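Trainee: sequence first, then the predicted structure, then my questions.
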Amino acid sequence: MTDPLLSPGELRALARARLTLRRPAGVLPGGHLARRRGTSLEFADHRPYQPGDDFRLIDWAVYARHRRLVTKTFAHEVEAPLYVLLDASRSMAEGRKDLFSRRLAAALLFVAYRGQDRFALCPFRDRPASAPNPRRGRVALAAAFQSLLNLSPDGETDLSGSLAAWAEARPEPGLCVVISDFLSPDGYRNGLRSLCHGRHAVAAVQVLSRADLDPPRLGEVRLLDLETHRGKSLILGVGAARAYREVLREWNEGLADACREMATPYFLFRSEASPVEAALELLAGWGR
Amino acid sequence: MGPVSFLVPWGWAWVAGAVVVALLYFFRRRDREHPVSALFLWERIPPDRASRLERMVARFDLLLLLQLLAVVLFAFALSHPLLRVPRRAGATAIILDASASMAGRSDEALTHARRLAAESSGPWAVVAWADPPWVLVPRTENRNEVLALLGGYGPTLGGRSPLGQALALLPGGFTRTVIITDDPPADPGVEVVALPPRDNLAIVAFSVRPALDGTGYEALVRVRNDTPRYQDVQVAVHAGAGSVLSSRLLPPEGEDLFIFQLGLVPPGLRAELLPADGFPWDNVRYYALDGASTVRVGWVGEEDRYLWAALQAALPAERVAEGPWDLLVAVRTALAAPLAGPVLLVGASSPEAELGAPVPAGPIRGADSLLLRHVVPEGLRADAVHPARLPMDAVVDLWAGSEPALARWEGDDGRRALLALDLTRSNLPVVVDFPILLRNLLMWLLPYRSRPTLIVGEALPLAPGTEVVTPTGRVSEVWVPDRPGLYELVGEGRREVLAVNVPYDESLPAGAAARAGPTGARAVADLVAWPWLALGAFILLVAEWGLALRRGG
């Protein structure tokens, strides 16, 4: 694991991190507590006895004290594969957002690997992202890291279309982390909603560069879209920068509102930030 | 010269290149592109309503500013500026003013000298600038030695020699020369530490002259008030046993002339100014007159006790047998050869004025003349008078009938006076008017002459046999006075008075540089700045290039 994505020190910092979600909808037994009760060894609660319950689950100690039949329930632990949906379009090349995104994805994959979870890396651009079967283990992690190393930003983004197409492939329900700048003119709602409908636990991670958040005052300039190659000439001064920041703020608030509606955690990171710290923040915030 | 000067002022013409840069910047095609992640967000901002002027202003960005700065720096460099910057001095020569005006300011001068020694790295040399100047500290690289030898500094009561004499005493190899003085010379060509002027009351002129009406002498005393306050000054002139006083109110920076009427004048006078101040040496001035001392009289012809008694009553006189004498008196004799100096002819003839045999004298009458001041000519009687053939320019003051009785003229070598009356048959020797007439006559014959005033430190070579009486003893050959005062010159059977003063220049206001306030010498150096400016311009261009690359322009 001596790849340039994460240094040994960063890997050590991530070694004790765990994905601890209570909402995975997986079916295979695993390490994540499910919302429904199950058959694990961890006691969860009592509930009134109902005909048909297994006699072995009746808590006779409670009957001796209260003369009421109650049944013990146990927590259900399921496995939740991690899907990292990574935007690899050309717009991610601006401000080294792609590098941050790849390093963040690597950190998340490493955390899943350490938690004995299955994981899958799903880059997407303008076409529907492929839906590889999640795997676990060192070999799968090495393959994923190599894919990240080989990944270069290219093509245009169709965020909604790509996510919806990926969800329509009905992959096994799991944890979906969508890493993108979410600056897609076609929007993002349909894609996120498709993921939620696929019973995935979704987290939206928006990555923006310094120039995205606070464009430099360049004076007279021709702005060139990295993906569409369309251009716009303007005087990029204080007024234009202020107006742009206002538009971007509205856009991001819309994204945050959409995530709030879908009970999806939303994270915004700057591309200059530390991916390890970003991953730890994401894991901590996602688990609440 | 200011702190910056330009060797090639025309180099500034390259600033015109900035215009070219600006024109190229404003009118070249603008094709700079900037990639963005989401153009659709930029398309949502309000349309650009900037005017052409605003667009022009918007084009004026950091790159243009850097380019213009580089052009200006290049033009600045091409003009070859010289920057006058302070520097730490090395070899430092100090010239300490040691004239009389520095009296009482030793500590102030030494403070500056010590500071200069402390701020420089040496070697050092110090010359005391007096008349004559002397080496106070020879060339040395030991700072402690300099500080120790500076303790021997003390101003004299004399003046200053020309600056060149002081500079000539400095050894070679000094890159910096500093003068510490309270009266900076004009354009000395070296650094100057000008001490501020101090408050001073001074007699800046003292002289004696005959009164215009011939009644005596006048002492003139000019007083200057170099203080910021009005001063009630009192001036006294001490003439022998008597003194005359006057007081007046002097405005700040003002001068006034005091005139005192004097009768009999002693050979030495002293003027004194009150109140005293921090520099008392110019509050007392001395003056000496030549002729006010004992007159040496050579006598030719017959003896005349009445005449000699009247002469002694008129002024201090002594008979000498051989010359030189101050006055030759010829009594009823005939002088064959013309004589030098003042001559009083009493019934005596000379080649200039021949007398005939006595003839009966008519009534004596006098003309309106200075010689007859306080004399009543009508009271004089004479039975005989010598007819005289006088020079053409002779002035007759007294007539006996139609014959001149008293005449005077300017000879080739001194003044001449002729009393043609026959004193043996006249009442003149026994009347009170006679010594008065003789005094008036002798004052014309032997006018008082101002004796040049010596200044402290001025060497006076003495004739063989003459000595100067000083408080420390008699001095012969060469006398260098070190204190102001009245001194007696004796020898060759005569006694004269010499006046020694502190130089009057030392009491006059200092130059404009000193009056402007205290200034400190500062070691400066001319820094050739063009390489640094060119380097700065180059760095600016590199920065501009890097910024342009970063912008992708």
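Mentor: Here it is on my side, so go on.
Trainee: B:Leu69: which element?
Mentor: B:Leu69 belongs to helix B:62-78 when elements are defined using DSSP states H and E.
Trainee: can you list contacts of that helix?
Mentor: B:8, B:11-15, B:17-18, B:21-22, B:25, B:529-531, B:533-534, B:536-538, B:540-541, B:543-544, B:547-548, B:551, B:553 (C-beta atoms under 8 Å, 6 or more residues apart in numbering or on different chains). From N, CA and C alone the C-beta is placed, and that goes for glycine too.
Trainee: again, only this time at 7 Å
Mentor: B:8, B:11-12, B:14-15, B:17-18, B:21-22, B:25, B:530, B:533-534, B:536-537, B:540-541, B:543-544, B:547-548 (C-beta atoms under 7 Å, 6 or more residues apart in numbering or on different chains).
Trainee: tell me what the residue positioned nearest the centre of chain A is bridged to.
Mentor: Residue closest to the mean C-alpha point of chain A, counted by C-alpha atoms, centre = their mean, is A:Val177 at 1.4 Å. Taking DSSP bridges as the rule, A:Val177 bridges to A:Val84, A:Ala203.
Trainee: where along the stretch 101-250 of chain B do the strands fall?
Mentor: For the stretch 101-250 of chain B, the strands defined by DSSP state E, counting those that start in this stretch cover B:124-129, B:134-140, B:176-181, B:191-194, B:200-210, B:217-226, B:231-239, B:242-250.
Trainee: single out the most deeply packed of the ones you listed.
Mentor: Of all the strands of the stretch 101-250 of chain B, strand B:124-129 carries the top mean neighbour count, a mean of 26, counting by mean count of other C-beta atoms under 10 Å in any protein chain shown.
Trainee: only alpha carbons, please: show that one as PDB.
Mentor: Provided in PDB are the C-alpha atoms of strand B:124-129 (Å, rounded to 0.1, in the frame of the first residue of the first chain):
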ATOM      1  CA  TRP B 124      41.600  60.000  14.200                       C
ATOM      2  CA  ALA B 125      43.500  63.300  14.500                       C
ATOM      3  CA  VAL B 126      42.400  66.500  16.100                       C
ATOM      4  CA  VAL B 127      43.600  70.100  15.400                       C
ATOM      5  CA  ALA B 128      42.800  73.000  17.600                       C
ATOM      6  CA  TRP B 129      41.900  75.900  15.300                       C
END
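Trainee: tell me the angle that strand makes with strand B:176-181.
Mentor: Between the axes of strand B:124-129 and strand B:176-181, defined by axes from the mean of the first three to the mean of the last three C-alpha atoms, to 10 degrees, the angle is 30 degrees.
Trainee: what parts of chain A come near chain B?
Mentor: Counting by C-beta under 7 Å from any C-beta of the partner chain, chain A comes close to chain B at A:91, A:94, A:181, A:183, A:185, A:212, A:218-226, A:228, A:230, A:232, A:234-235, A:237, A:240, A:243-244, A:247-248, A:251.
Trainee: the longest helix seen in chain A packs against which elements?
Mentor: Secondary structure of chain A read by DSSP state H shows that its longest helix is helix A:238-261. Using 3 or more C-beta pairs under 7 Å, 6 or more residues apart in numbering or on different chains; DSSP states H and E as the contact definition, the elements that helix A:238-261 packs against are strand A:201-208, strand A:266-270, helix B:39-42.
Trainee: how about 10 Å then?
Mentor: Helix A:238-261 sits against helix A:189-197, strand A:201-208, helix A:210-213, strand A:219-225, strand A:231-236, strand A:266-270, helix B:39-42, with contacts defined as 3 or more C-beta pairs under 10 Å, 6 or more residues apart in numbering or on different chains; DSSP states H and E.
Trainee: B:Pro391: which of these is closest?
Mentor: Closest to B:Pro391 of these, according to C-beta to C-beta: strand A:219-225, at 108.0 Å.
Trainee: returning to that earlier point: so which of the strands of the stretch 101-250 of chain B gets nearest B:Asp383?
Mentor: strand B:200-210 (35.8 Å).
Trainee: dump the residue contacts of residue 43.
Mentor: Since no chain was named, I'll use chain A. Contacts for A:Phe43 (C-beta atoms under 10 Å, 6 or more residues apart in numbering or on different chains) come out as A:59, A:72-75.
Trainee: right idea, wrong chain: chain B
Mentor: B:Glu43 makes contacts with A:185, A:223, A:225, A:230, A:232, A:234, A:247, as judged by C-beta under 10 Å, 6+ apart.
Trainee: at 7 Å what do you get?
Mentor: Contacts of B:Glu43 by C-beta under 7 Å, 6+ apart are A:Lys232.
Trainee: just to revisit the earlier point, what does the longest helix of chain A contact?
Mentor: By C-beta under 7 Å, 6+ apart, the residues outside helix A:238-261 that reach it are A:182, A:188-189, A:192, A:204, A:206, A:214-215, A:217, A:234, A:265-266, A:268, B:41-42, B:44-46.
Trainee: which of those count as buried?
Mentor: Neighbour counting with 16 or more other C-beta atoms under 10 Å in any protein chain shown marks A:182, A:188-189, A:192, A:204, A:206, A:215, A:217, A:234, A:265-266, A:268, B:41-42, B:45 as buried within those.
Trainee: if we only consider those residues, which is nearest to B:Gly457?
Mentor: Nearest to B:Gly457 among the buried ones among the contacts of helix A:238-261 is A:Arg217, at 77.7 Å by C-beta to C-beta.
Trainee: name the nearest residue to that closest one, ignoring sequence neighbours.
Mentor: Computed as C-beta to C-beta, 6 or more residues apart in numbering or on different chains, the closest residue to A:Arg217 that is not its neighbour in sequence is A:Gly237, at 5.5 Å.
Trainee: where do the strands of chain A begin and end?
Mentor: A:29-48, A:70-78, A:82-87, A:119-124, A:175-180, A:201-208, A:219-225, A:231-236, A:266-270 (DSSP state E).
Trainee: any idea which helix or strand of chain A has the worst average confidence?
Mentor: strand A:29-48 (a mean of 69; mean pLDDT, DSSP states H and E).
Trainee: cool, and chain B?
Mentor: The least trusted helix or strand in chain B, going by mean pLDDT, DSSP H and E, turns out to be helix B:512-515, with a mean of 48.
Trainee: need the CA coordinates for the helix holding B:Leu69. CSV is fine.
Mentor: Output in CSV follows, covering the C-alpha atoms of helix B:62-78 (Å, rounded to 0.1, in the frame of the first residue of the first chain):
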residue,chain,number,x,y,z
LEU,B,62,-1.4,44.3,-11.6
LEU,B,63,0.5,43.2,-14.7
LEU,B,64,0.4,46.6,-16.2
LEU,B,65,1.4,48.2,-13.0
LEU,B,66,4.4,45.9,-12.7
GLN,B,67,5.4,46.7,-16.3
LEU,B,68,5.1,50.4,-15.7
LEU,B,69,7.1,50.1,-12.5
ALA,B,70,9.8,48.2,-14.3
VAL,B,71,10.0,50.9,-17.1
VAL,B,72,10.2,53.7,-14.5
LEU,B,73,12.9,51.8,-12.6
PHE,B,74,14.9,51.2,-15.8
ALA,B,75,14.6,54.9,-16.7
PHE,B,76,15.6,55.8,-13.2
ALA,B,77,18.6,53.5,-13.5
LEU,B,78,19.6,54.9,-16.9
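Trainee: now that helix: average pLDDT?
Mentor: Average pLDDT, helix B:62-78: 87.
Trainee: stretch B:418-425 too?
Mentor: Averaging pLDDT along stretch B:418-425 yields 90.
Trainee: okay, how far is it across that stretch, tip to tip?
Mentor: By C-alpha to C-alpha, to the nearest Å, the extent of stretch B:418-425 from end to end equals 17 Å.
Trainee: starting at the chain centroid, how far to that stretch?
Mentor: 52 Å (C-alpha atoms, centre = their mean, to the nearest Å).
Trainee: and stretch A:54-63, by the same measure?
Mentor: Counting by C-alpha atoms, centre = their mean, stretch A:54-63 comes out at 41 Å from the chain centroid.
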